[in-house]
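> quick one, fold the following:
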Amino acid sequence: MPFTSEAGGAEGRRSGRRTAFRLGAAFFALCAAAAPVLRGQSTLLYLELQAVGAYATSPGRFELFSLMPADAMQKPGAGLDLVRRLRGRTGDVGALAVQARLVYNEDTHRLQPQLYNAYLRLKPRFANVWIGHNRPAMGLASVLDNHALLLPDPAMLGYGFDRDWGVGLDRDFAWGGLAASLTAGSGMPLYFKGNYLAAARIFKGVLARDGCSVGLSLSGGRVLETMGYMLADPEPAGWLAAGLDLSQAWRNLESRAEILIGRRGGAATFLAFWRPGLSLLEEGRLKIELQPALVRRAGAWDHSLGAGLTYLFDADLAGRVMVYRDSLGPGLRVVAQFYYYKRL
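Alright, predicted model coming up:
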């Protein structure tokens, strides 16, 4: 739920859906126009199926979404994930990524199309460059792919965007790497209301190689309050923040943490996030995670605590359970999910 904690009205929903549909149509038209160039290139295509439901102890009912009805993530649905490598005379020159799905939206009792990944990534000599709908260079959310997971990452807690429309670049070095992006600051939909988000992140260490990675992020701009495809506030608010993130892995233990301080709309904002995890069984098929988080926004403090369990039935099917409690909510949420992801 990027940069927001409140639901908006019906007009915001309709406006967000219209911009999403137009943007999706334009992007797919661009892909169709580029088809002659892409013909014969290497293509990976995956099928994505998701069944998810939750029981809320207050008001004591079952709901077909993980945390928030207006949020884009964790709803029953089906989709396709396409990655097409672009080849030149000397090897790969880039990739095209498109991930789209059709989900059931309990808030409107209708099927909702979603366009998640939608970007072109090129590999010139100086850096990797992308344009489209991708991750802004901001904190853990820029390196942690949380779209199939139940525990909410910092972007889903309201600090950043899981995906945003714009451009970015990144480059790896022996000691780590750096990334920068300039995006719309509106998340899933695209708006032009004087909104933008500039972000940069530098990190030391590669988690898979060194077992530890530390990143420093700076971000600023004027961002919109959106939740999923809904616009909650028609006017953008000023945003300026700095964040420090840590990812660490040792044997079957892993830990991810982030601290962010800044200002949003003239008020102080703060995030302290920690997600430790323990992997068990052969090849880490069973994983247990905890997630405490402390936030301050709009002059008020809030804390949450989540616990998650993941079991990999095989290479394609995962089952997850989460118990989640927010200090501003009236009770517990118990969420269950089956997630199927298979190459076609």
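
> low-confidence stretches in this structure?
The chain contains residues with pLDDT under 70 at 1-41.

> residue with max distance from the center of it?
Within the chain, the residue lying farthest from the chain centre (Cα atoms, centre = their mean) is R89, at 34.3 Å.

> quick check: phi and psi at that one.
phi -70, psi -30 (degrees, to the nearest 10).

> got a list of what A72 touches?
114, 116, 162, 188, 228-229 (Cβ atoms under 8 Å, 6 or more residues apart in numbering). Where you see a C-beta, it was placed from the backbone N, CA and C, and this is true even at glycine.

> same check, this time on V334
Counted by Cβ under 8 Å, 6+ apart, V334 has contacts 54-55, 57, 321-323.

> in the stretch 101-250 of the chain, which spans are strands?
110-122, 128-134, 164-173, 176-183, 196-204, 212-223, 226-227, 230-231, 237-250 (DSSP state E, counting those that start in this stretch).

> ok, and what's touching the second one?
For strand 128-134, the external contacting residues (Cβ under 8 Å, 6+ apart) are 27, 115-123, 163-171, 181.

> grab the nearest non-local neighbour of the most centrally placed residue in the chain.
Among the residues of the chain, the one closest to the centroid is D162, at 2.8 Å (Cα atoms, centre = their mean). Closest residue to D162 in three dimensions, ignoring its sequence neighbours and counting by Cβ to Cβ, 6 or more residues apart in numbering: A155, at 4.4 Å.

> re earlier: export the contacts of A72 to CSV and append columns for distance to A127.
What follows is these, written out as CSV (distance: Cβ to Cβ, whole Å):
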residue, distance to A127
Q114, 29
Y116, 24
D162, 23
M188, 26
G228, 31
Y229, 31
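
> which one of those is nearest L244?
D162 (19.9 Å; Cβ to Cβ).

> so how far is M68 from the nearest residue to V167 once chain neighbours are set aside?
Among residues not flanking V167 along the chain, I131 sits closest, at 4.8 Å (Cβ to Cβ, 6+ apart). I131 sits at a distance of 29 Å from M68 (criterion: Cβ to Cβ, to the nearest Å).

> can you check A318 too?
For A318 relative to M68 (Cβ to Cβ), the value is 22 Å.
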